[in-house]
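Peer 1: Pasting a predicted model and its sequence here:
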Amino acid sequence: MSIPAPAPQHRRQRYFFDNERVLGPLLLFPAVVYIIALVGFPLILAVLYAFSDVTVGDPRIRGTENFVGFENFRDVFNDGVFRKALRNTIVFTLVSQVFVIVFANVLALVLSADFHGKRLVRFLVLLPWTTPIALGVLGWFWMLDSVYSPIDYIMRRMGLLGPDSMFGPGRNMYWLGKSDLAQAAVVVVHIWRTLPLATVILLAGLSSIPQDVKDAANVDGAGFWRQLFYIRLPLLLPIMAVATLFSLVFTFTDLTVSLVLTRGGPVNDTQVLSTWAYFKGIQGGNLAQGAAIALFLLPVLIAIAIGMLRLARRSEND
Amino acid sequence: MAIVETRKITKEFDGGAVKVVKDIDIKTVDGEFLVLLGPSGCGKTTLLRMIGGLEHPTSGQILIADQVVNHLPPRARQIAMVFQSYALYPHMNVKGNIAFPLKAANIDKEEQKRRVDWAAGILGIDHLLDRKPRQLSGGQRQRVALARALVREPNVFLLDEPLSNLDAQRRASARDELQRFQHEIGTTTIYVTHDQVEAMGMGHRIAVIEGGTVRQIGTPRDIYEDPADTFVATFLGSPPMNLIPRGDELIGFRPENFHLAPDGGVDSSTSLSFKLTSIREEYLGSEKLVYGELEGERTVARMAANADVPAAEGGEVTLFVDNADLRVFDRESGLRKESAPATIATGSGS
Amino acid sequence: MATLPPTQRFASEGSGRGKQFLARTVLYATAVIFSLFAFIPFAWMIMTMFKTNNDLYNPRNNPFLYNDPPTLSNLDLLWNDTSFRTFIFNTFLIALVVMAVTVIIVVPAAYSLVRLAGRWGSNLGILIFLVYLVPPTLLFIPLTGVVADLGLQNSKWSMALVYPTFTIPFCTWLMMGFMRSVPWEIEEQAMIDGYSRIGAIWRTVIPVSIPGILTVVIFSFTLTLHEFVYSLAFVQSSGEKTVSVGVFTELIRGDVFFWQSLMAAAALVAIPVALLYNYFLDRFIAGFTLGAVKG
């Protein structure tokens, strides 16, 4: 009644794919190839570009005659705009992240409580993250319009703007036309954009604090503030680090906010590394210089990656 | 029907750092119910998984029906296995689960249906065929898993603690059913468990495994009455065998082998007397367990519930054990000594 | 949510109703303020898209009111007089390819990393996840060269080729989480029951992982819709553009902004994507927390 054993000559072939040592690498192969070909290789290419004289019209490195040593880096560094962009990238990132972490903690605490309309609040608060970034920034662009900004309208109605007023005498603030206001706008939009991500990560952390820990604190008579500072925040630290690292990466490397909102202006005062790399490399056609500029993102990314690895290790060992 | 045999089979993990199974030789009898019994982590499940083809032995050979199967994947071994978790396919109903092995063998639809009905009938789950696994109780799941194993008409059944997920009551009846079922089908069965009651009650033979090696293999009676070493002696039996050191030997006897002196006195040439200092008594209804100290060793005696033994702490009683019930082990190695040593004859006076 | 309601938390402070009322007020006020901050740009988009030119471009009008009755003519312009439909079509076409490529590559890779690769599998998994952190802004310049070399410059297929570079790392990580929760035994049982390893995977692991695969599909789709940098760098002609880049070119003609239609385009894409994303968000976050939060 039993099913006959297969003929021996077919065995080797028939059982080849049953072997874990064959199947494991085989299944992984396409993913690894894709990543090496379209992330690993371009990353190396970025470094090669930065030391070469390639352009959009002629993107090929043919031989040693294309290599120009540190010339690109020298040119890039001697350019005042680059130094502005580097400084802006760092300042925008740090300032917005300080706000993001504080606000995200507050917001996560709010969303972990029970109240009417919580689902709606959650949906609204998450909108900036779930929207395609370029389109979200476009909304801000229109809100901060030089003539039709509704904020200006409110200020005029409140007597803050216009002739003989605090911010007068002009009828408009020109939010994106003045350096300090434009810089502030970029930072605010970054906060608007990354706050939801940090919040939901923290929220996941909050809900993973075991109920018995909270119960024990309640039984011990610990009040709200005591619980917050002695239980929630310390237990939340690792997850806060995760949230911070992610929002750091997204803010630090972002191109869209500055590009859509201000195109780097006014007078390059909101230029960041990635916009400057775009203007030089793609719009200006100088791929080599663009690559050299973008490479300045790399050290920070490596530091963040190491931070991530450490966190992952730690959570694995727990 | 087939004989399963392992020859010097060894399994190492982490490149030899951990040896889970060491040189195990086991050979079943055709149609036998063989139980692999041992504490958790002893290597019994790994051994079973190697027989099933889910784990590759580091060295040694596995034979099923006289054919070396080391290089064969599970599907080519003609075996059926029931996992501890039953491993029912959550996305298929009961019918789909049972028919699944038949589909693999390209058996036509009508024959599939016939065999599913047959297996479901044997296990009494005909009425559950359209349910999903999550709608079943633990006992029903176990039957479905058995039915699925049955329809293949395999050479060998491999069962990995299939009763451990059942509650105590259900487990007793499942034990009975499983044994009758195996008797009817007559297929060689290898059954892994850490529960000695299951092992004693169900196995034709038991292989006691510890530390990756077979300590003893034999019928339940052999293993209980003639343990090969002190591990087997203390792992089986509840409470375990008493072991009293004498020189470089250990004298072993079961708690139930103690008895009080009969009215006519005791023949000191056929039995040995001990003075037991009672510490505590456990009343179990039909019998009682007397915990005490004997020559400085913790000892248990199983007595009739009305036996005249002092219950109070510190009470002393003299108890006898027939020489025939005494087992002697080497103190160093723990291994059984065949000949009755001289120390027994000298009695407790030493 | 396994948190105590605030009434209970604050009650332990012990000073009764006044304090409780204050706490609730603070809670609602904070919720409202953050909701407004997040939502106002969208509200403004929706408000704007139905306004007539006369209404919108008169600085004396109150911008918070419809001084002229709302109109659908801006939507009509967007739909019929621009390449908006082409952008949508391109986006969906690219997304479809990206979804297919991602699923085909990610499912076997995640399986391999979880089941077959042993200890270094989880390390390699983390490594693949870190690839997700390599930003488009670092890669778009060399990739522009690569795309040109392949003859795909100014073609939507360049995006179909490149987008999996960010969907694969993230979705592999997501999928690994799902695969870990599939019980080993059902697959081993299938092998015992007579199937080859691949057969067992196909018949047990894949069907049980359908929710995970669905999540991968959704995220490949939303990440494709979100992408801006590559699209901006690779493609110039509007017939090949995606929505998030296309609307900028067609509705900003020189210095003239077609604001209502721009806002309509933004809202029409943003809101459905946000709804879809929101529905699957918990799974997305599970990926982000790197296992530091165990459900």
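Peer 2: In hand now; what should we look at? Worth saying up front: this structure is predicted, and the values here are computed from it rather than measured.

Peer 1: Can you show me the helices along the stretch 151-295 of chain C?
Peer 2: C:156-162, C:164-180, C:184-192, C:197-200, C:206-208, C:210-226, C:229-234, C:243-251, C:259-279, C:281-288 (DSSP state H, counting those that start in this stretch).

Peer 1: is it true that A:Ala241 touches A:Gly307?
Peer 2: Yes: assessed by C-beta atoms under 8 Å, A:Ala241 is found in contact with A:Gly307 at 7.2 Å. Bear in mind the C-beta positions are built from the backbone N, C-alpha and C, glycine included.

Peer 1: C:Trp157 and C:Ser231: what is the separation?
Peer 2: Noted for C:Trp157: a distance of 12 Å to C:Ser231, by C-beta to C-beta, to the nearest Å.

Peer 1: Enumerate every residue touching B:Lys113.
Peer 2: By C-beta atoms under 8 Å, 6 or more residues apart in numbering or on different chains, the contact list for B:Lys113 reads B:Ala99.

Peer 1: related to what we said a few turns ago, of C:Trp157 and C:Ser231, who's got more company?
Peer 2: Counted by other C-beta atoms under 10 Å in any protein chain shown, C:Trp157 and C:Ser231 do not tie: C:Ser231 has more neighbours, with 27 against 16.

Peer 1: so who does the closest residue to the more buried one other than its chain neighbours touch?
Peer 2: Of all residues not flanking C:Ser231 in the chain, C:Val245 sits nearest, at 4.4 Å (C-beta to C-beta, 6 or more residues apart in numbering or on different chains). Shown in contact with C:Val245 (C-beta under 8 Å, 6+ apart): A:Ala134, C:Phe228, C:Ser231, C:Leu232, C:Val235.

Peer 1: Let me know the pLDDT of C:Val245.
Peer 2: Per-residue pLDDT puts C:Val245 at 89.

Peer 1: likewise C:Asn58?
Peer 2: 84.

Peer 1: Nearest residue to it in space, please, no chain neighbours.
Peer 2: Counting by C-beta to C-beta, 6+ apart, the residue nearest C:Asn58 is C:Asn67, at 7.4 Å.

Peer 1: Is that neighbour in a helix, a strand, or coil?
Peer 2: On the three-state scheme (DSSP: H, G, I helix; E, B strand; the rest coil), C:Asn67 is labelled coil.

Peer 1: any idea how far it is from C:Ile126?
Peer 2: 57 Å.

Peer 1: who has more neighbours, the two?
Peer 2: C:Ile126 (19 against 14).

Peer 1: Validate this expectation: that one resides in a helix.
Peer 2: Yes: counting by three-state DSSP, C:Ile126 falls inside a helix.

Peer 1: what does the helix or strand harbouring B:Ala207 contact?
Peer 2: Using DSSP states H and E, B:Ala207 sits in strand B:205-210. The contact list for strand B:205-210 (C-beta under 8 Å, 6+ apart) reads B:24, B:26, B:29, B:32-39, B:42-44, B:47, B:199-200, B:214-220, B:223, B:231-232, B:235-236.

Peer 1: Are any of those buried, and if so which?
Peer 2: Buried subset of the contacts of strand B:205-210 (neighbour count, 16 or more other C-beta atoms under 10 Å in any protein chain shown): B:24, B:26, B:32-38, B:42-44, B:47, B:199-200, B:214-218, B:220, B:223, B:231-232, B:235-236.

Peer 1: Residue ranges in the chain under the pLDDT threshold?
Peer 2: The chain I'm using is chain A. A:1-14, A:315-318 (pLDDT under 70).

Peer 1: my bad, the chain I had in mind was chain C
Peer 2: For chain C (pLDDT under 70), the answer is C:1-16, C:283-295.

Peer 1: domains for it, by residue range?
Peer 2: With domains defined by automatic domain parsing, chain C comprises C:16-49, C:77-288.

Peer 1: could I get the helices of the stretch 151-295 of chain C as a markdown table with distance to A:Ala222?
Peer 2: Output for the helices of the stretch 151-295 of chain C, formatted as a markdown table (distance: least, C-beta to C-beta, whole Å):
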| stretch | distance to A:Ala222 |
| --- | --- |
| helix C:156-162 | 52 |
| helix C:164-180 | 34 |
| helix C:184-192 | 43 |
| helix C:197-200 | 52 |
| helix C:206-208 | 43 |
| helix C:210-226 | 38 |
| helix C:229-234 | 48 |
| helix C:243-251 | 48 |
| helix C:259-279 | 34 |
| helix C:281-288 | 28 |
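
Peer 1: Comparing the ones you listed, which comes out most buried?
Peer 2: Burial of the helices of the stretch 151-295 of chain C is given as mean neighbour count (mean count of other C-beta atoms under 10 Å in any protein chain shown); helix C:229-234 ranks first at a mean of 25.

Peer 1: packing partners for it?
Peer 2: helix A:273-278, helix C:136-149, helix C:156-162, helix C:243-251 (3 or more C-beta pairs under 8 Å, 6 or more residues apart in numbering or on different chains; DSSP states H and E).

Peer 1: Now do the third one: which elements does it pack against?
Peer 2: In this structure, helix C:156-162 makes packing contacts with helix C:84-111, helix C:136-149, helix C:229-234, judged by 3+ C-beta pairs under 8 Å, 6+ apart.

Peer 1: Could you rerun that using 6 Å?
Peer 2: Judged by 3 or more C-beta pairs under 6 Å, 6 or more residues apart in numbering or on different chains; DSSP states H and E, the packing partners of helix C:156-162 are helix C:84-111, helix C:229-234.

Peer 1: can you pull the contacts of the residue most central in space within chain A?
Peer 2: The residue lying closest to the centre of chain A (C-alpha atoms, centre = their mean) is A:Phe250, at 0.5 Å. Going by C-beta atoms under 6 Å, 6 or more residues apart in numbering or on different chains, A:Phe250 touches A:Thr194.

Peer 1: show me the contacts for the residue lying closest to A:Ile133 once chain neighbours are set aside.
Peer 2: Excluding the flanking residues, the one nearest A:Ile133 by C-beta to C-beta, 6+ apart is A:Thr256, at 4.8 Å. Listed by C-beta under 6 Å, 6+ apart, the contact set of A:Thr256 reads A:Ile133, A:Ala134, A:Val137, C:Phe228.

Peer 1: how about the residues you listed, which pair is most distant?
Peer 2: A:Val137 and C:Phe228 (9.3 Å; C-beta to C-beta).

Peer 1: Low-confidence regions, the stretch 201-350 of chain B specifically.
Peer 2: Looking at the stretch 201-350 of chain B by pLDDT under 70, you get B:263-266, B:311, B:339-350.

Peer 1: Restricting to the contacts of strand B:205-210, which residues neighbour chain C?
Peer 2: Contacts with chain C are made by none of the contacts of strand B:205-210, judged by C-beta under 6 Å from any C-beta of the partner chain.
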